[in-house]
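Colleague: Fold the following and give me the result.
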Amino acid sequence: MQTKISTSNFFLFIFLFVFVTSASSQNINLASDETEINSNNNNIKSTIKSSMSVNDKKYCVTNYKGKYEISLLDDGSHKGFFKLYDSNGSLIKTTQGEWMLRDEGVYGSAYILTFEFTGINSNLPSMKFTCQYNGSGQLQALIDSQGRTWDMCR
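Modeller: Numbering: from 1, shown residues only. Predicted structure coming up:
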């Protein structure tokens, strides 16, 4: 019994043989690549955390009721202030609290800022914001649970 091999099958076989042979001769060190990736992730995390190390950052959102402003202090106290202004710019309400930044990501980093109210209005529920960073790792905006983007105040 004779087996007939077509020219295209012959070249396919040769190609696969050469490919497998060359691939098996390469030394691939996955451990060093993984270490490099982990060190890059740690550098990014430290950059993100250091971006919060500014003494006072203010984020605002405006709607038909007026302007909401959240001020985050990072002098070690993690205090914050929440203010509501009417449409004329007059201060209506102010509360205070403490904020905490935590990585709650599963498949990658997803930083969540939680603002817990303290003092007079401590009965208010805590607010959670998804942090949005720019390419340099600087916090540029907060996104609340209603999908509103709180940009840096101007």
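Colleague: Tell me the helix or strand right after the worst-scoring helix or strand of the chain on mean pLDDT.
Modeller: Scoring the helices and strands of the chain by mean pLDDT, DSSP states H and E places helix 30-51 at the bottom, with a mean of 50. Using DSSP states H and E, the helix or strand that directly follows helix 30-51 along the chain is strand 56-63.
Colleague: how about the longest strand along the chain as PDB, C-alpha atoms only?
Modeller: As assigned by DSSP state E, the longest strand anywhere in the chain is strand 91-103. Taking Å, rounded to 0.1, in the frame of the first residue of the first chain, the C-alpha atoms of strand 91-103 are listed here in PDB:
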ATOM      1  CA  LEU A  91     -23.200  77.400  51.300                       C
ATOM      2  CA  ILE A  92     -26.300  75.400  52.400                       C
ATOM      3  CA  LYS A  93     -24.800  72.400  54.200                       C
ATOM      4  CA  THR A  94     -21.500  71.100  55.400                       C
ATOM      5  CA  THR A  95     -20.600  67.800  57.000                       C
ATOM      6  CA  GLN A  96     -17.300  66.100  57.900                       C
ATOM      7  CA  GLY A  97     -16.000  62.600  57.800                       C
ATOM      8  CA  GLU A  98     -13.100  60.300  57.200                       C
ATOM      9  CA  TRP A  99     -12.000  58.800  53.900                       C
ATOM     10  CA  MET A 100     -10.300  55.500  53.100                       C
ATOM     11  CA  LEU A 101      -8.700  54.400  49.800                       C
ATOM     12  CA  ARG A 102      -8.700  50.700  49.100                       C
ATOM     13  CA  ASP A 103      -7.900  48.500  46.100                       C
END
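Colleague: quick one: buried residues of that strand?
Modeller: Using 16 or more other C-beta atoms under 10 Å as the test for burial, strand 91-103 gives Thr95, Gln96, Gly97, Glu98, Trp99, Leu101. Bear in mind the C-beta positions are built from the backbone N, C-alpha and C, glycine included.
Colleague: Go ahead and confirm the second one touches Glu116.
Modeller: The one in question is Gln96. No - contact criterion C-beta atoms under 8 Å: Gln96 and Glu116 do not qualify, at 10.2 Å.
Colleague: thinking again about what came up before, ok, the longest strand of the chain: who's next to it in the sheet?
Modeller: strand 79-85 (antiparallel), strand 111-118 (antiparallel) (DSSP bridges).
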